[in-house]
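1. only geometry, no sequence info:
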Ligand SMILES: NC(=O)c1ccc[n+]([C@@H]2O[C@H](COP(=O)([O-])OP(=O)(O)OC[C@H]3O[C@@H](n4cnc5c(N)ncnc54)[C@H](O)[C@@H]3O)[C@@H](O)[C@H]2O)c1
Ligand SMILES: [Zn+2]
Ligand SMILES: [Zn+2]
């Protein structure tokens, strides 16, 4: 099968690999119909997450059709359509029982190694480094899904892939980020980062009753999408601290969400320190949020941090009695409630999709997303679809050579000419 | 704690072998009874202890252990259960004259608020010199605590989730590095 593999910083390739097999009784094999590239994948792409190995299959936002189940899986059968949560959770440990699925004790085969770094290990994650289990990811034609009896969610007929795909990660992530803010009537929530996570955080904050949401970024089309979601926007190039202070009548936002994470732009100091490896993460947004947050407020951090940060104004957080909440999303906890919101028409997650491409174009899609080229905000890959014939016909620059299949010709077309954004 | 490295070994050859001690604890959501019963059937140990190939009980208190290092060398020894309290503790040691001198205990104590059982494993061994010394060093790696913790986590996963997490046998593009990208 074809899979998107990591070979180093800014080096991902679509290569042929063997198909996955059932390895444990509670496994399922899923034929992937849709999969997405996440901002978290960009941290891997940029080489700032440790313990990646050459050839690792990427991807943790995926869904598809169940092909095969192990003998421990009774709730699924071949043919079922499922969305798969990005965190792998056993469903039986202390943390899973307490709905803290991304902290699962049992799903990471490399937990002891991870614990040496972090004290204790979180759950295994699909396609997200060996410290998080080294599991093959879902940017591929097929994937093996462990603990398939507790993770994947079936969904009713009539819903399209695009409507439910983001239940795998970014919708629950944005929702949990907002939920952690403990929003009360009148609350103003400031959200840094208008990438897909920020976008879902904005909409979730409103669903949870926020009075006002202020969204911060410097990418025009992302700010525009934030406004469409009801947010007031501020450019990160401006004096964010002062502007937020004025906008909140001098109080500061009741809650702040860092939906940017370890690769924030805006601080040369951090870029230099990260480059020379004196700092693993660039916490520019974290610092800003900590300083501007209202007294007694909450700082909710869905943005990923992986190591050490520098010059964090911890005294400010202490002085103001802030509450800090963070971590990988407990996706399984949100699947049913958020599916219901989609079914009830309270939200249509497809708004965030800007690019749909074939799996073979993944390398280009990473570049597109990383450089925010072509107004790219969210890329969805379709592993089993080849470009529609008319697109191919338009784009094909040469006739098929002898012995070449139609598919091969399709994929030999220059990337830039295939399946453009509609 | 010093690790079992070549350096230690060469020093040991001069000064006499110091004993190594490893202690690790883990909370498992099962009763002390269940865990005791599982562990006391020593044949079960290789299902979660990575370096053990087989443990065969030869009498109620005697057993034969076969372990394998990552390099494929095997080492065997006989062990004796020297102390046992039902549902609480098992202690064993290698018989005098064995290739390996090793002694271990495992305790099972109820965790607070029904969180299961605290399993505490402690063992001591004398890193021998020569060929066996090298094999032992490889068995427990350079970080014996990590190995034991790994084993305990595998036991925990097996008892709680019914299976040990693994990625062995999954696809990877590791060998595809020089292969033409499929486009
Ligand atoms: N906690 C979780 O479980 C979880 C799940 C998914 C994603 N994430 C993380 O959430 C973060 C966002 O993900 P995404 O998919 O939206 O990524 P993304 O890269 O598309 O979006 C990040 C956005 O932050 C903006 N940004 C950068 N520096 C900024 C600054 N100084 N001020 C304001 N905005 C700034 C960028 O312009 C970009 O639009 C990432 O760190 C990702 O790893 C976490
Ligand atoms: Zn993600
Ligand atoms: Zn669990």
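-> Cool, the structure landed. The model shown is predicted, which means the values in this text are computed figures rather than measured ones. Ligands and ions are numbered 1, 2, ... in the order given.

2. and for the closest residue to ligand 3 within chain B, the neighbour number?
-> The minimum distance from chain B to ligand 3, using C-beta to the ion, falls at residue B:161 (6.7 Å). All C-beta spots, glycine's among them, are computed from the backbone N, C-alpha and C. Residue B:161 has 26 neighbouring residues, counting by other C-beta atoms under 10 Å in any protein chain shown.

3. how many neighbours does the nearest residue to it once chain neighbours are set aside have?
-> What sits nearest to residue B:161 in space, not counting adjacent residues and going by C-beta to C-beta, 6 or more residues apart in numbering or on different chains, is residue A:90, at 3.8 Å. Residues contacting residue A:90 under the criterion other C-beta under 10 Å number 27.

4. tell me what the longest helix seen in chain B is packed against?
-> Longest helix in chain B, counting residues (DSSP state H): helix B:144-161. With contacts taken as 3 or more C-beta pairs under 8 Å, 6 or more residues apart in numbering or on different chains; DSSP states H and E, helix B:144-161 sits against helix A:111-118, strand B:20-28, helix B:32-40, strand B:117-126.

5. centre of the chain to that helix, how far?
-> Centre-to-centre, helix B:144-161 and its host chain are 9 Å apart (C-alpha atoms, centre = their mean, to the nearest Å).

6. quick check: mean pLDDT of it?
-> Per-region confidence: helix B:144-161 scores 94 on mean pLDDT.

7. what about residue B:121, neighbour count?
-> Per other C-beta under 10 Å, the neighbour tally for residue B:121 reads 19.

8. go on, residue A:113?
-> Using other C-beta under 10 Å, residue A:113 has 18 other residues around it.

9. ok, and the closest non-adjacent residue to it?
-> residue A:131 (6.3 Å).

10. which residues in the stretch 151-300 of chain A form strands?
-> Secondary structure of the stretch 151-300 of chain A (DSSP state E, counting those that start in this stretch): strands at A:153-154, A:188-192, A:212-217, A:232-235, A:255-258, A:298-301.

11. so where's chain A shaky on pLDDT?
-> Applying pLDDT under 70 to chain A flags the ranges A:387-422.

12. any idea how far the closest residue to ligand 2 within it is from residue B:131?
-> Residue nearest to ligand 2 within chain A: residue A:38 (2.9 Å; C-beta to the ion). Distance of residue A:38 to residue B:131, computed by C-beta to C-beta, to the nearest Å: 50 Å.

13. residue A:45 is in contact with the residue of chain A closest to ligand 2, correct?
-> No - applying C-beta atoms under 8 Å as the test, residue A:38 and residue A:45 come out as separate, 10.5 Å apart.

14. which of these two has more residues huddled nearby?
-> residue A:38 (29 against 22).

15. can you tell me the SS state at residue A:342?
-> helix (DSSP: H, G, I helix; E, B strand; the rest coil).

16. not counting its neighbours along the chain, what's nearest it?
-> Leaving aside its sequence neighbours, residue A:342 sits nearest to residue A:163 (C-beta to C-beta, 6+ apart; 5.9 Å).

17. contact residues of chain A facing ligand 2?
-> Within chain A, the residues that sit near ligand 2 (C-beta under 5 Å from the ion) are A:38, A:40, A:169.

18. so what sits opposite the closest residue to the first one other than its chain neighbours in the bridge?
-> So the one you mean is residue A:38. Excluding the flanking residues, the one nearest residue A:38 by C-beta to C-beta, 6+ apart is residue A:61, at 5.5 Å. Taking DSSP bridges as the rule, residue A:61 bridges to residue A:36.

19. hmm, residue A:61 is touching residue A:164, no?
-> No - applying C-beta under 8 Å as the test, residue A:61 and residue A:164 come out as separate, 11.3 Å apart.

20. comparing these two, which residue is more hemmed in?
-> Taking other C-beta under 10 Å, residue A:61 and residue A:164 do not tie; residue A:61 has more neighbours (30 against 25).

21. mind listing what the more buried one touches?
-> A:35, A:36, A:37, A:38, A:86, A:138, A:165, A:166, A:168, A:169, A:170 (C-beta atoms under 8 Å, 6 or more residues apart in numbering or on different chains).

22. and residue A:37, by the same measure?
-> Residues in contact with residue A:37 (C-beta under 8 Å, 6+ apart) are A:59, A:61, A:139, A:362, A:365, A:366, A:369, A:378, A:379, A:381.

23. how about residue A:56?
-> A:5, A:6, A:127, A:129, A:130, A:134, A:136, A:137, B:172, B:173.

24. neighbours of the last one, just the number please.
-> Number of residues near residue B:173 (other C-beta under 10 Å) recorded here: 28.

25. format the helices and strands packed on helix B:144-161 as a markdown table; extra columns: distance to ligand 1.
-> Below are those laid out as a markdown table (distance: least, C-beta to the nearest ligand atom, whole Å):
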| stretch | distance to ligand 1 |
| --- | --- |
| helix A:111-118 | 15 |
| strand B:20-28 | 25 |
| helix B:32-40 | 33 |
| strand B:117-126 | 31 |
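
26. any chance of these in a markdown table, with distance to residue B:92 too?
-> Below are the helices and strands packed on helix B:144-161 laid out as a markdown table (distance: least, C-beta to C-beta, whole Å):
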| stretch | distance to residue B:92 |
| --- | --- |
| helix A:111-118 | 23 |
| strand B:20-28 | 15 |
| helix B:32-40 | 11 |
| strand B:117-126 | 9 |
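
27. tell me what residue A:298 is bridged to.
-> Beta-bridge partners recorded for residue A:298 (DSSP bridges): residue A:255, residue A:323.

28. show me how the record splits chain A into domains.
-> Annotated domains of chain A cover A:2-168+A:331-421, A:174-326 [automatic domain parsing].

29. report whether the last one contacts ligand 1.
-> Going back to what we said before, that points to domain A:174-326. Yes - Domain A:174-326 lies within reach of ligand 1 by C-beta under 6 Å from any ligand atom, at A:192-198, A:216-219, A:222, A:236, A:259-261, A:264-266, A:284-285, A:302-304.

30. only whichever of the residues you listed are buried, select them in PyMOL.
-> With 16 or more other C-beta atoms under 10 Å in any protein chain shown as the criterion, this PyMOL line picks the buried residues out of these:
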select buried, chain A and resi 192+193+194+195+196+197+198+216+217+219+222+236+259+260+261+264+266+284+285+302+303+304
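
31. thinking again about what came up before, and the residue nearest to residue A:113, how far from chain B?
-> Computed as C-beta to the nearest C-beta, to the nearest Å, the residue A:131 to chain B distance reads 13 Å.

32. thinking again about what came up before, who touches the residue nearest to residue B:161 in this structure?
-> A:96, A:104, A:105, A:106, A:107, A:147, A:150, B:157, B:160, B:161, B:165 are the contacts of residue A:90 under C-beta under 8 Å, 6+ apart.

33. tell me which of these fall in helices.
-> Of the contacts of residue A:90, the ones assigned to helices by DSSP H are A:96, B:157, B:160, B:161.

34. which one of these is nearest to ligand 1?
-> residue A:96 (16.1 Å; C-beta to the nearest ligand atom).

35. quick revisit: now distance to residue A:28 too, for the ones in helices among the contacts of residue A:90, in JSON lines please.
-> Output for those, formatted as JSON lines (distance: C-beta to C-beta, whole Å):
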{"residue": "A:96", "distance to residue A:28": "18"}
{"residue": "B:157", "distance to residue A:28": "18"}
{"residue": "B:160", "distance to residue A:28": "20"}
{"residue": "B:161", "distance to residue A:28": "15"}
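
36. can you turn the buried part of those into a ChimeraX selection?
-> Remark: buried members of these, expressed as a ChimeraX selection using 16+ other C-beta under 10 Å:
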select /A:96 /B:157,160,161
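
37. how about the ones in helices among the contacts of residue A:90, which pair is most distant?
-> Spatially, the most separated pair among those is A:96 and B:157, at 11.9 Å (C-beta to C-beta).

38. any shared contact partners between the two?
-> Taking C-beta under 8 Å, 6+ apart as the contact rule, residue A:96 and residue B:157 both touch A:90, A:105.
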